[in-house]
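J.: 3D, please:
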Amino acid sequence: MSRAYLNLGVSPRITPLAMLRVAISRLHPDTLAVRSWRAARKRYYRELLQAHAKAQVRAQVACE
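T.: Down below sits the predicted model:
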């Protein structure tokens, strides 16, 4: 599980879009403003989405 995802402290029940909104809101405004970091931000979001999908699967399996 991604350390960045765990630091967000979001529930696996929320939607991927809601999770991304939380992640973006926690980034420093300067991080969002630097255009050269765009690829790094996209990679960060992709990793968070993958970790969130895994957490959702784990939560679903645990409920069954």
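
J.: point to the residue nearest the middle of this protein.
T.: L48 (3.2 Å; Cα atoms, centre = their mean).

J.: how close does that one get to G9?
T.: In this view, L48 and G9 are 12 Å apart by Cβ to Cβ, to the nearest Å. Where you see a C-beta, it was placed from the backbone N, CA and C, and this is true even at glycine.

J.: one step back: in the one helix or strand the residue nearest to the centre of the chain maps to, what's buried?
T.: Applying DSSP states H and E as the criterion places L48 in helix 38-63. Within helix 38-63, the residues scored as buried using 16 or more other Cβ atoms under 10 Å are 44, 48-49, 51-52, 55-56.

J.: the residue nearest to the centre of the chain against M19, yeah?
T.: Yes: proximity of L48 to M19 meets the contact threshold set by Cβ atoms under 8 Å, at 6.6 Å.

J.: need the residues touching each of those two.
T.: Here L48 and M19 have L8 as joint contacts, going by Cβ atoms under 8 Å, 6 or more residues apart in numbering.

J.: what about Q56, distance to A23?
T.: Distance, Q56 to A23, using Cβ to Cβ: 16 Å.

J.: if you could redo that for Y5, that was the one I meant.
T.: Distance from Y5 to A23, by Cβ to Cβ: 9 Å.

J.: please enumerate the shared neighbours of those two.
T.: Overlap of the contact sets of Y5 and A23 (by Cβ under 8 Å, 6+ apart) consists of L48.

J.: okay, the residue nearest to the centre of the chain: pLDDT?
T.: Here the pLDDT value assigned to L48 is 96.

J.: roughly how far apart are it and P12?
T.: As judged by Cβ to Cβ, L48 and P12 stand 12 Å apart.

J.: same thing with T31?
T.: Going from T31 to P12 by Cβ to Cβ gives 25 Å.

J.: before we move on, what about A53?
T.: On the measure of Cβ to Cβ, A53 and P12 end up 9 Å apart.

J.: cheers, nothing more for now.
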